[in-house]
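Engineer: no sequence on hand, only this structure:
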C-alpha cells in the first residue's frame with residue numbers, strides 16, 4: 001500500500017461540497033418551515049371541507065341565502081311600486097280638466113249665428129285677466145293667428161286641441177309642455193273682437209265641437225263656473 005501524499009485530493013474529489021449554513025441562518029430556515037406548517041394547519045381548521053360541515057351550519061347558510069333573496073325581492077317590489085306611483089301620477093294629470101279663468105261672464109255660446117258657425121264660446125273678462133290651460137298638452141301655436149288675434153293653441157294627448165283667442169299678451173312659447181291650470185296668457189281684444197274677452201274653441205280631429213258639452217262631461221261646468229274639486233284649484 002502506497003503512502004498517501006499530502007497533496008493528493010481527499011475522497012470527495014470530483015464532488016461539489018454544499019457549504020454548511022451558519023447556525024443563525026439554519027435556525028431561521030427551520031423556524032420558517034415550522035411557522036408555515038402551522039399556518040397551513042390553522043387554515044385547514046378554519047376551512048373544513050364540505051364533508052365536515054354540520055347540519056346546523058348548513059341550516060344557517062340556507063337561512064342567510066333566503067334572507068338575501070328576501071331583501072332583493074323587497075328592493076324589486078319597492079322599485080316597481082315607485083314606477084307604479086309615477087305612472088299613476090302621470091295618469092291622474094292626464095285626467096285633469098279645469099276652467100280657463102274665473103270671474104267671467106259667459107257670452108256668445110257655441111253654435112250657428114245666422115249663416116256662420118261660432119266655433120267656440122266667449123268668456124268676457126277685464127283686459128289683462130290671466131287665463132290658463134284647461135288641460136295638459138303641448139303648445140303648437142303661440143302668436144298672431146288671423147282673426148283670433150294673438151292666440152295660443154294647445155294639443156292634448158287625447159287628440160283634442162284648444163284654441164285661446166284675442167289675447168293681449170302670451171306667456172308661453174311654441175313647443176312648450178303645459179299642465180292643466182298653467183297660465184297661457186292675458187285676456188285682450190286683439191284680432192276680430194268686439195271687446196276684451198277670451199274666445200275658447202275645442203277641436204276634435206280638426207273639427208270644432210261644443211266646449212260646454214265636452215267639458216261638462218269631464219266635470220267642468222262653464223255656465224256655473226265649477227270644476228272638479230280634485231284638480232287642486
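Structural biologist: Nice, thanks for sending it over. Nothing here was measured: the structure is a model prediction, and the numbers come from that model.
Engineer: residue 135 and residue 143, how far apart?
Structural biologist: Separation of residue 135 from residue 143 (C-beta to C-beta, to the nearest Å): 21 Å. Heads up, the C-betas are built off the backbone N, CA and C, glycines and all.
Engineer: of the two, who's got more company?
Structural biologist: Neighbours per residue, other C-beta atoms under 10 Å: of residue 135 and residue 143, the larger number sits with residue 135, 26 against 12.
Engineer: isn't the more buried one right next to residue 95, touching?
Structural biologist: No. Using C-beta atoms under 8 Å, residue 135 makes no contact with residue 95, being 9.3 Å away.
Engineer: parallel or antiparallel, list what pairs with the longest strand anywhere in the chain.
Structural biologist: Under DSSP state E, the strand in the chain containing the largest number of residues is strand 160-170. Strand partners for strand 160-170, identified by DSSP bridges, are recorded as strand 150-155 (antiparallel), strand 183-187 (antiparallel), strand 197-204 (antiparallel).
Engineer: got TSV for those strands, with distance to residue 128 too?
Structural biologist: Listed next are the strands paired with strand 160-170 as TSV, based on distance: least, C-beta to C-beta, whole Å:
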stretch	distance to residue 128
strand 150-155	13
strand 183-187	5
strand 197-204	12
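Engineer: out of those strands, the one nearest residue 122 is which?
Structural biologist: strand 197-204 (4.8 Å; C-beta to C-beta).
Engineer: buried residues in the closest one?
Structural biologist: For strand 197-204, the neighbour count (16 or more other C-beta atoms under 10 Å) marks 197, 198, 199, 200, 201, 202, 203 as buried.
Engineer: check stretch 126-138 too.
Structural biologist: Buried, per 16+ other C-beta under 10 Å, within stretch 126-138: 129, 131, 132, 133, 134, 135, 136, 137.
Engineer: just these: which are in strands?
Structural biologist: 131, 132, 137.
Engineer: from memory the first one sits against residue 187, does it?
Structural biologist: Yes. Contact between residue 131 and residue 187 holds when scored by C-beta under 8 Å: they sit 5.9 Å apart.
Engineer: counting by contacts, list what the helix or strand where residue 212 lies packs against.
Structural biologist: When elements are assigned from DSSP states H and E, residue 212 belongs to helix 211-216. With contacts taken as 3 or more C-beta pairs under 8 Å, 6 or more residues apart in numbering; DSSP states H and E, helix 211-216 sits against strand 120-124, strand 197-204.
Engineer: again, only using 10 Å
Structural biologist: With contacts defined as 3 or more C-beta pairs under 10 Å, 6 or more residues apart in numbering; DSSP states H and E, helix 211-216 has these neighbours: strand 120-124, strand 160-170, strand 197-204.
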